[in-house]
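[1] I'd like to go over a predicted model; first the sequence, then the structure.
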Amino acid sequence: MSKKTEPIPGTSDFFPEETIQWQYLEGKAHSVFSRYSIGEIRTPVFERTDVFLRSIGDQTDIVQKEMYTFKDRGDRSLTLRPEGTAGVLRAIANKGLSQGDEQRVYYIGPMFRGERPSAGRKRQFHQIGVEYVGKVSPEIDAECIILLLDYLESIGLTDTKLLINTRGISGDRERISGTMSDYYKPHIDTMCEDCRRRYDTNIWRILDCKNEGCKTITQNAPSMIDLISETSRIYFDSVCEILKYTGIQYQIDPQLVRGLDYYVHTVFEVVSNNIGAQDAIAGGGRYEILNPGQKHPLIGVGFAMGVERLLLAKNANKSDLGKGICVDIYIVSLGRPALQKNFDLASSLRKQGFRVLMDLENRGMKAQMRTANKVNAKITLIRGQSELDDGIILLKNMNDSSQIKVQFDEITAALKPFFNRS
RNA sequence: GUGAUUGUAGCUCAGUUGGUUAGAGCGCCUGGUUGUGGCCCAGGAGGCCGCGGGUUCGAAUCCCGUCAUUCACCCCA
């Protein structure tokens, strides 16, 4: 509401109620991906600008109008990463990868795109992504997709749709572009402004134009499946077959081409209903990326998921996730001497693994009890001057209000029945 | 970038055809006899009515600008 404290448009602050959900998603990523023997990579959030220009493609929308690019003090052009793949591939190229060797990694972190924010789209957003780099086979593509669905299932997201398509091997691309160009040439004057631009810059993207007029023209366009070469078709069929064999539901979407230049062969997307217009919660495909100064492109397959969108989709499904921070024990102290002694008690309980909160303001009993109730403590321990004198402590069960006196040095045993943990 | 939407208390929102000290619910704090939570009751704190200009005797209310929110387009995760 106020002005100066708001974060920059398109960025957000995340408080514990939310970050607990993020930690859940990240924890699942660590455990699921490790079962596929995939380790985490962490690369810088900014790179030399040409890292993105070359790989994503300098005619793509991302590069043309969405990148946060700036000059550093050495007058180098740097860019906040708009996606994860380019930086990961740069890192792998830099480290070196023997021919025929493979490197599998996943990454988690913020990405930056200067778009107008709306539901499911921020300027700083967060992705969890996976890359299988160095090898090519339909089986690898298939495992990558299986992994993606495995992860989504592990976080309880099953109400989704998998769309796949192929863009053909890189050798096909020029021929496909040519055929498409021939097809659209007589129609191009009647199509929308964006498509006229795409015709020259990135003809593939005409395919998923939402404009009604353009859609009808596209409907009769030669289908990708018919345009690709025999090799590409066999490759794509193999991917589909494995998915079918594994019992994975998918839908071939001939319109799916995706907006980054580096994709070849298999491309896929997972969409969810009920989260607004930005319905893609994950997307990816096979790619070839030539890094600056390298002779040969690196090949790989991978995907990225939008963390904010995963959360949107999850919460739309009303599946419960994360219960917030809980308190096991609240310590009520009466009087400064007791308060001081209770510091010891608190740290000893915390060392035993209890989640402990205590009053630090020397307030009245009523106020402390109110707080104990508010934070939903299971047990309240009460110790004031008289308990100090008697060497005891009061243990109150907040559920049924029952209260017992416990010898102070037997407190651990007394707590045991209330916390059935191994 | 284009279009629309909204901006009043910590939160969710009322605020009548412009008219006196700007309201409610929730939340917060303090009480309701000695050191015991939730329910109830009483009291209290807390607002440059997004910001800046204009019209008017008078503006939260009307006009202009600006910033921000939310949503859609474009595109993508």
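    Perfect, thanks for sending it. In this text the structure is predicted, and so the values were computed from the model without any measurement. Numbers count the residues shown, from 1 in each chain, chains lettered A, B, ... in the order given.
[2] where does chain A have low pLDDT?
    Applying pLDDT under 70 to chain A flags the ranges A:1-3, A:210, A:317-325, A:421-422.
[3] Which residue would be the closest one in it to RNA strand B?
    Residue nearest to RNA strand B within chain A: A:Gly259 (0.7 Å; C-beta to the nearest atom of the strand). C-betas here are computed from N, CA, C, even on glycine.
[4] Okay, and that residue sits in which element?
    Following DSSP states H and E, there is no helix or strand that holds A:Gly259.
[5] State the number of residues packed around it.
    15 (other C-beta atoms under 10 Å).
[6] So it is in contact with A:Asp61, correct?
    Yes - between A:Gly259 and A:Asp61 there is a contact at 6.1 Å, judged by C-beta atoms under 8 Å.
[7] Overlap of the contact sets of these two?
    The overlap between the contact sets of A:Gly259 and A:Asp61 (C-beta atoms under 8 Å, 6 or more residues apart in numbering) is empty.
[8] How about the top helix by length along chain A, which residues are buried there?
    As assigned by DSSP state H, the longest helix anywhere in chain A is helix A:16-34. For helix A:16-34, a neighbour-count test (16 or more other C-beta atoms under 10 Å) marks A:21-22, A:25-26, A:28-29, A:32-33 as buried.
[9] roughly how far out does it sit from the chain middle?
    9 Å (C-alpha atoms, centre = their mean, to the nearest Å).
[10] what do you get for stretch A:94-111?
    Counting by C-alpha atoms, centre = their mean, stretch A:94-111 is centred 18 Å from the centre of its parent chain.
[11] Okay, strands next: where are they in the stretch 151-300 of chain A?
    Here the stretch 151-300 of chain A has its strands, by DSSP state E, counting those that start in this stretch, at A:160-166, A:251-252, A:263-272, A:280-289, A:298-306.
[12] want to throw those strands into CSV with distance to A:Ser348 and mean neighbour count?
    Output for those, formatted as CSV (distance: least, C-beta to C-beta, whole Å; neighbours: other C-beta atoms under 10 Å):
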stretch, distance to A:Ser348, mean neighbour count
strand A:160-166, 47, 20
strand A:251-252, 58, 12
strand A:263-272, 47, 24
strand A:280-289, 45, 24
strand A:298-306, 42, 24
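[13] Please identify which of the ones you listed is closest to A:Arg175.
    strand A:263-272 (13.4 Å; C-beta to C-beta).
[14] Now do the nearest residue to A:Gly57 once chain neighbours are set aside: how many residues are near it, please.
    Closest residue in space to A:Gly57, ignoring its immediate chain neighbours: A:Asp261 at 2.7 Å, by C-beta to C-beta, 6 or more residues apart in numbering. The tally of other residues near A:Asp261 (other C-beta under 10 Å) stands at 21.
[15] Touching, A:Asp261 and A:Asn202? I think so.
    Yes - taking contacts as C-beta under 8 Å, A:Asp261 lies within contact range of A:Asn202: 7.5 Å.
[16] Need the overlap of contacts for the two.
    Contact criterion C-beta under 8 Å, 6+ apart; residues shared by A:Asp261 and A:Asn202: A:57, A:59-60.
[17] Reformat the residues you listed as TSV; add distance to RNA strand B and neighbour count.
    Formatted as TSV, the shared contacts of A:Asp261 and A:Asn202 follow (distance: C-beta to the nearest atom of the strand, whole Å; neighbours: other C-beta atoms under 10 Å):
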residue	distance to RNA strand B	neighbour count
A:Gly57	9	19
A:Gln59	11	14
A:Thr60	6	21
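[18] ok, so of those residues, who is nearest A:Gly283?
    For these, the nearest to A:Gly283 is A:Thr60 (14.0 Å; C-beta to C-beta).
[19] A:Asp261 is in contact with that closest one, correct?
    Yes - look at A:Thr60 against A:Asp261 with C-beta under 8 Å: they come within range, at 5.9 Å.
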